[in-house]
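1. Show me the folded form of this:
(chains A and B)
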Amino acid sequence: MADGYAPTMRVLAVLAWRNLWRNYRRTLIMLAAIVVGVWAMILFSAMMRGMLDEMVAGGLRVLPGEAQIHHSGYRDDPSVANSMDAPAGALRNTLDSPPIQAWTSRVKVPGMVVSERDSRGVVLLGVEPEGEIALGFQPDKIVEGRFLESAEDDGLVIGRKLAERLETDLGKRVVIMSQDPDNEVAERGVRVVGVYTARLQGTEETYAYIGRQVLQDLLGIGDQVSEVAITAGDYLQVNQWLPAVAEAAGPELETLPWTRLDGYLDSMLRVQGNMNVVFMVVIFLALSFGLVNTLVMAVFERVREIGLMMSLGMRPRWIMYQVLLESLILLTLGLLVGNILALVTILPLESGIDISVVAEGMEMAGMGTTLYPALAVADMLMSTVVVIVLGLLASLLPAWRASRLDPVRAMART
Amino acid sequence: MTAIACKDLCKTFTQGEQTITGLDRVSINVAPGEFVCLSGPSGSGKTTLLNAMGGLDSPDSGEIRVGDRRVDQLDKSERADMRLHNIGFVFQAYNLIPVLTARENIEFVMHVQGVPASERRDKSSAILEEVGLSGLGDRLPAQLSGGQQQRVAVARAIVSNPTLVLADEPTANLDSHSAEQLMELFVALNRERGITFVIATHDVRVMAYCRRLIRMVDGRIVADETQPGIG
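-> Numbering: from 1, shown residues only, chains lettered A, B, ... in the order given. Reported below is the predicted structural model:
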């Protein structure tokens, strides 16, 4: 550029700013539309992110943990034959160190529960209660009786739905059955000491809790376990600490993050991320019609002025920059106010919105009765990128048309 | 050496099914420092010739040289650069950018030229004084009279020391007194700075100030004469 780029941009910025306020009503209306659009984009993203967080957290409580260690054949054949030794040595040291917040080992085998009325196939979970609670099992979900008290507790905790199916109740005896490593049936009678509820009926029907040591003794597997479940608090950070755990576990064991253990949760997260972008684009596409109209009108009203500037020696591309600058200023103002409005309205809601009116439907999606909107910097940045990029793209047409004006005809326009 | 040289310029316009001749084999030479008036009735081609000289419009055929540059062979951006650095324009009306103050209008061209801020400030102050508008630099065009607006336009046209000023009906919207003041300003600038002026007008008051008078009719030059006793 032969001439002064910076001084020209400065004078163009002054012109763009003052031109915006020549028709302040039109500018304010367009600005309000952008503000509401930006606010809606961020609000929607925060709601969806909050909902997704809740769904993933719910999923991880059932899984449980953000990562698990198994025998390498366990996922294909989750039988007692594919058990592993309880963590010891380097693995145990790693699991007991930050950032790992909690871990527990469990025996998890397919089995049956037989009552005097009926029998059902279940997944028998031999657990150590403190570890389960640390990983997210909520004791307040016990609606009758109690949760297990120790790894040696020989009581059985079943879901409410399973209790209904078996037509059994708190305090009654049932028989649990599974296969031992020699493929012999291992069985024993236990008393139902607790009934729990879960968000999903499937969970209530599937999982039956018993003391880990009791199940190990029943199956004759010593202190072997089926899986080790681990949490570090933030499911999004799992890949940062997982390699160290995998290295400590060794190649003969399979150490997997939740994204691999529960592909549904992972795909839901990805789909949601894309949905946010699609929603933002759709909102702004609708807005862009207004923006284009505003700029077309602004250019139309200033045809003679643009002709004058060209006559004075302004290159066509500078005329284009001027119109784009007007659009950029309008978009930036809209983003600024929209973001502030979003902060002011969403932050107070982060303590939770009661959605119990639609709780039944939400429970199906793995959600609770309270929605916690989660405002994320990434969503605000995404909305900024969408608004600026699409806004400038939409402004290109009026800007280009302004730059193509013929100075003589433009100045002759009445 | 010529300030402007036009050779066999032709230009036609189409209006509906009618073809109008704007320029019909126009050839003129203007020497540096000349004070030339293009006169003639409306539609005679004087504005068309002025626009072609300034690179605002392209002739259908013929050659135009401003200094040693062939204007008719330049592209849009090159012609814009030529106007920016070599030519000052004064139009009949709508001469100023309404959202800029008088001073900002004067500094506008210097901004685009990349003149540093302090130099812009000094030059605009000096030129405001020269055109008799000291103290009015912070006013918007709407706050100035027609004559004052034209003076700002003249100030903007000459602030970058162009070799040539093209003025199209500069006095058309002015009262007699303002028109007289403006023409005296033109004459003074021509004498003191040696700037070449080409003024398109059909105002006899303007013609009275010009040493050379070119008369046009139907796109053709019908007379090119030097007025005795002027200059």
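
2. CA only for contacts and neighbour counts going forward, please
-> Noted.

3. need the residues of chain B near chain A, please.
-> B:51, B:56-57, B:76-77, B:79-85, B:88-89, B:94-97, B:99-100, B:108-109, B:111-116 (C-alpha under 8 Å from any C-alpha of the partner chain).

4. Please, a ChimeraX command that selects the buried ones among those residues?
-> The buried residues among the residues of chain B next to chain A can be selected in ChimeraX (16 or more other C-alpha atoms under 10 Å in any protein chain shown) with this line:
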select /B:51,56,57,76,79,80,81,82,83,84,85,88,89,94,95,96,97,99,100,108,109,111,112,113,114,115
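
5. Just the residues of chain B next to chain A: which are in strands?
-> B:88-89 (DSSP state E).

6. Distance check, the residue of chain B found nearest chain A against residue A:72.
-> Closest to chain A within chain B is residue B:114: 3.5 Å, counting by C-alpha to the nearest C-alpha. To residue A:72, residue B:114 is 71 Å away according to C-alpha to C-alpha, to the nearest Å.

7. so what pLDDT did the residue of chain B closest to chain A get?
-> On pLDDT, residue B:114 comes in at 87.

8. so who does residue B:163 touch?
-> With contact taken as C-alpha atoms under 8 Å, 6 or more residues apart in numbering or on different chains, residue B:163 is in contact with B:3, B:32, B:86-87, B:194-196.

9. Could you name the helices and strands sitting against the longest helix anywhere in chain B?
-> Ranked by number of residues, the top helix in chain B under DSSP state H is helix B:176-193. Helices and strands touching helix B:176-193, by 3 or more C-alpha pairs under 8 Å, 6 or more residues apart in numbering or on different chains; DSSP states H and E, are helix B:146-158, strand B:196-201, helix B:204-207.

10. Now render these as a markdown table, adding mean pLDDT.
-> A markdown table is the format used below for these (pLDDT from 0 to 100):
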| stretch | mean pLDDT |
| --- | --- |
| helix B:146-158 | 89 |
| strand B:196-201 | 94 |
| helix B:204-207 | 88 |
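
11. Serialize these to TSV and add fields for distance to residue A:314.
-> Formatted as TSV, these follow (distance: least, C-alpha to C-alpha, whole Å):
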stretch	distance to residue A:314
helix B:146-158	14
strand B:196-201	22
helix B:204-207	29
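
12. Please identify which of the ones you listed is closest to residue A:144.
-> Closest to residue A:144 of the helices and strands packed on helix B:176-193, according to C-alpha to C-alpha: helix B:146-158, at 90.1 Å.

13. contacts for the following helix or strand past the closest one?
-> Sequence-wise, the next helix or strand downstream of helix B:146-158 (DSSP states H and E) is strand B:164-168. For strand B:164-168, contacts defined as C-alpha under 8 Å, 6+ apart pick out B:3, B:47, B:50, B:54, B:86-92, B:157-158, B:195-201.

14. run the last query once more with 6 Å
-> For strand B:164-168, contacts defined as C-alpha atoms under 6 Å, 6 or more residues apart in numbering or on different chains pick out B:87-92, B:195-200.

15. Could you pull up the residues touching residue A:372?
-> A:50, A:350, A:352.

16. So the closest residue to residue A:406 other than its chain neighbours, which state does it fall into?
-> Of all residues not flanking residue A:406 in the chain, residue A:307 sits nearest, at 6.9 Å (C-alpha to C-alpha, 6 or more residues apart in numbering or on different chains). Recorded secondary structure, residue A:307: helix (DSSP: H, G, I helix; E, B strand; the rest coil).

17. so residue A:307 touches residue A:409, yeah?
-> No - if you go by C-alpha atoms under 6 Å, residue A:307 and residue A:409 don't touch, sitting 7.7 Å apart.

18. Between the two, tell me which one has more neighbours.
-> Neighbour comparison, residue A:307 and residue A:409: the larger count goes to residue A:307, with 24 against 14 (by other C-alpha atoms under 10 Å in any protein chain shown).

19. Report the contact partners of that one.
-> Contacts of residue A:307 by C-alpha under 6 Å, 6+ apart are A:407, A:410-411.

20. and residue 72, how many neighbours does it have?
-> In the absence of a named chain, this looks at chain A. By other C-alpha under 10 Å, neighbour count at residue A:72 equals 16.

21. wait, chain B
-> Neighbour tally, residue B:72, other C-alpha under 10 Å: 20.

22. residue contacts, it?
-> residue B:64.

23. so what pLDDT did it get?
-> With respect to pLDDT, residue B:72 scores 87.

24. Ok, residue A:357 next?
-> 68.

25. one step back: tell me which of the contacts of residue A:307 is nearest to chain B?
-> Closest approach between the contacts of residue A:307 and chain B, by C-alpha to the nearest C-alpha: residue A:407, at 6.5 Å.

26. Please, which helix or strand holds residue A:247?
-> Here residue A:247 is assigned to helix A:238-249, by DSSP H and E.

27. Only the C-alpha atoms, please, for that helix, written as PDB.
-> C-alpha atoms of helix A:238-249 as PDB (Å, rounded to 0.1, in the frame of the first residue of the first chain):
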ATOM      1  CA  VAL A 238      -9.400 -37.600  32.100                       C
ATOM      2  CA  ASN A 239      -6.900 -37.800  29.300                       C
ATOM      3  CA  GLN A 240      -4.400 -35.700  31.300                       C
ATOM      4  CA  TRP A 241      -3.900 -38.300  34.100                       C
ATOM      5  CA  LEU A 242      -5.000 -41.500  32.400                       C
ATOM      6  CA  PRO A 243      -1.600 -42.300  30.700                       C
ATOM      7  CA  ALA A 244       0.200 -42.400  34.100                       C
ATOM      8  CA  VAL A 245      -2.400 -44.800  35.500                       C
ATOM      9  CA  ALA A 246      -2.200 -46.900  32.300                       C
ATOM     10  CA  GLU A 247       1.500 -47.100  32.600                       C
ATOM     11  CA  ALA A 248       1.300 -48.100  36.300                       C
ATOM     12  CA  ALA A 249      -1.400 -50.700  35.500                       C
END
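
28. packing partners for that helix?
-> Contacts defined by 3 or more C-alpha pairs under 6 Å, 6 or more residues apart in numbering or on different chains; DSSP states H and E place helix A:238-249 against helix A:89-95.

29. pLDDT averaged over the helix it packs on, what's the number?
-> 79.

30. Toward the C-terminus from that helix, list the very next helix or strand.
-> As assigned by DSSP H and E, the chain's next helix or strand after helix A:89-95 is strand A:102-114.

31. Strand partners (parallel or antiparallel) of that following strand?
-> Strand A:102-114 pairs in its sheet with strand A:119-127 (antiparallel), strand A:173-179 (antiparallel), strand A:227-231 (antiparallel), by DSSP bridges.

32. after the first one, next one along is what?
-> When you say that, I think you mean strand A:119-127. Assigned by DSSP H and E, the successor of strand A:119-127 is helix A:129-134.

33. Just the CA coordinates for the very next helix or strand once past that following helix, please, in CSV.
-> Once the chain leaves helix A:129-134, the next helix or strand it forms, by DSSP H and E, is strand A:142-145. Coordinates of the C-alpha atoms in strand A:142-145 are reproduced here as CSV (Å, rounded to 0.1, in the frame of the first residue of the first chain):
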residue,chain,number,x,y,z
ILE,A,142,-31.7,-45.7,49.6
VAL,A,143,-35.4,-45.5,50.0
GLU,A,144,-35.8,-48.5,52.3
GLY,A,145,-33.4,-50.0,54.7
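
34. ok, residues contacting strand A:142-145?
-> Residues from elsewhere that reach strand A:142-145, judged by C-alpha under 6 Å, 6+ apart: A:193-196.

35. Neighbour count, secondary structure and distance to residue A:205 added to those, as a markdown table?
-> Below are the contacts of strand A:142-145 laid out as a markdown table (neighbours: other C-alpha atoms under 10 Å in any protein chain shown; DSSP: H, G, I helix; E, B strand; the rest coil; distance: C-alpha to C-alpha, whole Å):
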| residue | neighbour count | secondary structure | distance to residue A:205 |
| --- | --- | --- | --- |
| A:193 | 22 | strand | 16 |
| A:194 | 22 | strand | 14 |
| A:195 | 25 | strand | 11 |
| A:196 | 25 | strand | 10 |
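
36. any chance of the helices and strands packed on helix B:176-193 in TSV, plus mean neighbour count?
-> Below are the helices and strands packed on helix B:176-193 laid out as TSV (neighbours: other C-alpha atoms under 10 Å in any protein chain shown):
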stretch	mean neighbour count
helix B:146-158	24
strand B:196-201	25
helix B:204-207	16
